[in-house]
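Colleague: Below is the sequence, then the predicted model.
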Amino acid sequence: PPPPPPPPPPPEKQPTPADGGYVDLETLKSSPPDYVDPSRKEDYLSDADFEAAFKCSRADFKVLKGWKQQNLKKACGLF
C-alpha cells in the first residue's frame, strides 16, 4: 500500500507583542488584526509608538488609575 499522506502543516502562529508582533497606531485605530485583544490595543504598540502616542512610558502608564488609562486611550483613539 502507498505510504500515508504527510500531516498538514501547523496553522500559522499569529504574532503577539511577546514575540515582536507590533502593530502601528493607525492600524490599531482603523482595522486591527484579528489577534489583537480590543481591550488591550496599547500592548501591541512598539515602545517608541507607545511613548509617542501616550507621551509617557509603559511603566508610567501601568501605574495610572484605570479611568486615567481609559482617558488616555480615548485621546489616542484606542478605546
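Modeller: That came through fine.

Colleague: which helices and strands does whichever helix in the chain runs longest pack with?
Modeller: In the chain, with assignment by DSSP state H, the single longest helix is helix 66-76. Under the contact criterion of 3 or more C-beta pairs under 8 Å, 6 or more residues apart in numbering; DSSP states H and E, helix 66-76 touches helix 47-54. (Each C-beta comes from the backbone N, C-alpha and C, glycine too.)

Colleague: which parts of the longest helix of the chain are buried?
Modeller: For helix 66-76, burial by neighbour count (16 or more other C-beta atoms under 10 Å) applies to 69, 72-73, 76.

Colleague: Next: stretch 51-71.
Modeller: Under the neighbour-count criterion of 16+ other C-beta under 10 Å, stretch 51-71 has 53-54, 61, 69 buried.

Colleague: and that stretch, C-alpha only, in PDB?
Modeller: The C-alpha trace of stretch 51-71 is given here as PDB (Å, rounded to 0.1, in the frame of the first residue of the first chain):
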ATOM      1  CA  GLU A  51       5.600  56.700  24.100                       C
ATOM      2  CA  ALA A  52       4.800  58.900  21.100                       C
ATOM      3  CA  ALA A  53       1.100  58.200  21.400                       C
ATOM      4  CA  PHE A  54       0.700  58.400  25.200                       C
ATOM      5  CA  LYS A  55       3.500  60.800  26.000                       C
ATOM      6  CA  CYS A  56       4.700  58.500  28.800                       C
ATOM      7  CA  SER A  57       6.400  55.200  29.300                       C
ATOM      8  CA  ARG A  58       4.600  51.900  29.600                       C
ATOM      9  CA  ALA A  59       5.700  51.700  33.300                       C
ATOM     10  CA  ASP A  60       4.200  55.200  34.000                       C
ATOM     11  CA  PHE A  61       1.000  54.200  32.100                       C
ATOM     12  CA  LYS A  62       0.600  51.000  34.100                       C
ATOM     13  CA  VAL A  63       0.600  52.700  37.500                       C
ATOM     14  CA  LEU A  64      -2.100  55.200  36.400                       C
ATOM     15  CA  LYS A  65      -5.700  54.600  37.700                       C
ATOM     16  CA  GLY A  66      -8.000  52.800  35.300                       C
ATOM     17  CA  TRP A  67     -10.000  55.900  34.500                       C
ATOM     18  CA  LYS A  68      -6.800  57.800  33.600                       C
ATOM     19  CA  GLN A  69      -5.700  55.000  31.400                       C
ATOM     20  CA  GLN A  70      -9.100  55.000  29.600                       C
ATOM     21  CA  ASN A  71      -9.000  58.700  29.100                       C
END
